[in-house]
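Enquirer: Okay, predicted coordinates and the sequence, questions at the end:
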Amino acid sequence: MTPGDGGDAGGGDAGKTGQVKITTGCLAMTAQIVDMANGALTLTLDPADTAGTLVTSNELMVDPNGGAQNLLMPKEAACTGIRFTIWSTADAAENINLQTDAGAGIGTIGQDEVGVAISDGANWHIFVGVA
């Protein structure tokens, strides 16, 4: 499947754009490497959204690459039931400040920490722990 197209594996209805529906079996994913390049970054599930970085995995290995940076999550309504695991790969005391697509704060992931963000369709919920 092409990232962003949606689809299904194992039967059932096709997933929404940017989503894949799996009804049976185990899910094996490759982590997406995200270099924030010392600046704010917006994530998107929509391949047509050229202003954002297209998310191709639920597992994100994120490097702020210089100081604390803002990582804007995809739109909540487009992510109902989606979970992202965000691993900080910072090589120094650099925070990843998770924000909604509108810029509201969700939480902070520090060096050597991992966060799990889940959308209920209206809000992002996060918990953070040591990697």
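Expert: Ah, there it is.

Enquirer: quick one: the strands in the protein?
Expert: Remark: strands assigned in the chain by DSSP state E are 7-9, 20-22, 32-35, 41-44, 53-54, 59-63, 69-72, 83-88, 96-99, 105-109, 113-119, 124-130.

Enquirer: Residues in contact with the fourth one: which ones?
Expert: Read that as strand 41-44. Strand 41-44 has contacts (C-beta atoms under 8 Å, 6 or more residues apart in numbering) with 34, 51-55, 69-74, 101. Using the backbone N, CA and C atoms, a C-beta is placed for each residue, glycine as well.

Enquirer: With adjacent residues omitted, what lies nearest to Gly105?
Expert: Gln99 (5.9 Å; C-beta to C-beta, 6 or more residues apart in numbering).

Enquirer: mind putting the strands of the chain in a markdown table, mean neighbour count included?
Expert: As requested, these are exported to a markdown table (neighbours: other C-beta atoms under 10 Å):
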| stretch | mean neighbour count |
| --- | --- |
| strand 7-9 | 14 |
| strand 20-22 | 15 |
| strand 32-35 | 16 |
| strand 41-44 | 19 |
| strand 53-54 | 18 |
| strand 59-63 | 19 |
| strand 69-72 | 20 |
| strand 83-88 | 19 |
| strand 96-99 | 22 |
| strand 105-109 | 17 |
| strand 113-119 | 19 |
| strand 124-130 | 13 |
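
Enquirer: want to throw these into a markdown table with mean pLDDT?
Expert: Putting the strands of the chain into a markdown table (pLDDT from 0 to 100) gives the following:
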| stretch | mean pLDDT |
| --- | --- |
| strand 7-9 | 53 |
| strand 20-22 | 69 |
| strand 32-35 | 96 |
| strand 41-44 | 96 |
| strand 53-54 | 94 |
| strand 59-63 | 98 |
| strand 69-72 | 98 |
| strand 83-88 | 97 |
| strand 96-99 | 98 |
| strand 105-109 | 96 |
| strand 113-119 | 97 |
| strand 124-130 | 93 |
